[in-house]
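Engineer: Sequence unavailable; structure follows:
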């Protein structure tokens, strides 16, 4: 049994989000929350909100034990790119890509035989 939460069209580059995703993958939910609270990255705020949402989904929708949850899977993929321009010499334009992310976080219940 698994519970998931998704955040779409987040205005952070997927490359920056993946760095924080790697920190919490496979960790217990309480430990992952502690890591995200102490990580000075912009993506940690979004992932903390997403982790709380997935934990609430597991507890309320799937009747899972909140103390035995762990982050089974977390990944960020690219969303649509907002294309903006910056003026350059001789009337030209330099393109600036404002990237967005789709983030998926899955929590599962750890059985008694499983270890961290």
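Structural biologist: Looks like it came in fine. These numbers were taken from a predicted model, which means no experiment stands behind them.

Engineer: Now for the residue lying closest to residue 100 once chain neighbours are set aside: which residues touch it?
Structural biologist: Residue nearest to residue 100 in three dimensions, not counting chain neighbours: residue 79, with 3.6 Å by Cβ to Cβ, 6 or more residues apart in numbering. Where C-beta positions appear, they are placed from N, C-alpha and C, glycine not excepted. Applying Cβ atoms under 8 Å, 6 or more residues apart in numbering to residue 79 gives the contacts 8-10, 14, 99-102.

Engineer: Greatest separation within the residues you listed: which pair is it?
Structural biologist: Within the contacts of residue 79, 8 and 99 form the most distant pair, 13.4 Å apart (Cβ to Cβ).

Engineer: what about residue 103, is that helix, strand or coil?
Structural biologist: Classification of residue 103 using DSSP: H, G, I helix; E, B strand; the rest coil returns strand.

Engineer: That one - how many residues pack around it?
Structural biologist: Residues lying near residue 103 (other Cβ atoms under 10 Å) number 24.

Engineer: One more: residue 82?
Structural biologist: Number of residues near residue 82 (other Cβ under 10 Å) recorded here: 12.

Engineer: wait, residue 108 sits on residue 2?
Structural biologist: Yes: between residue 108 and residue 2 there is a contact under Cβ atoms under 8 Å: 4.9 Å.

Engineer: what do these two both touch?
Structural biologist: Here residue 108 and residue 2 have residue 72 as joint contacts, going by Cβ under 8 Å, 6+ apart.
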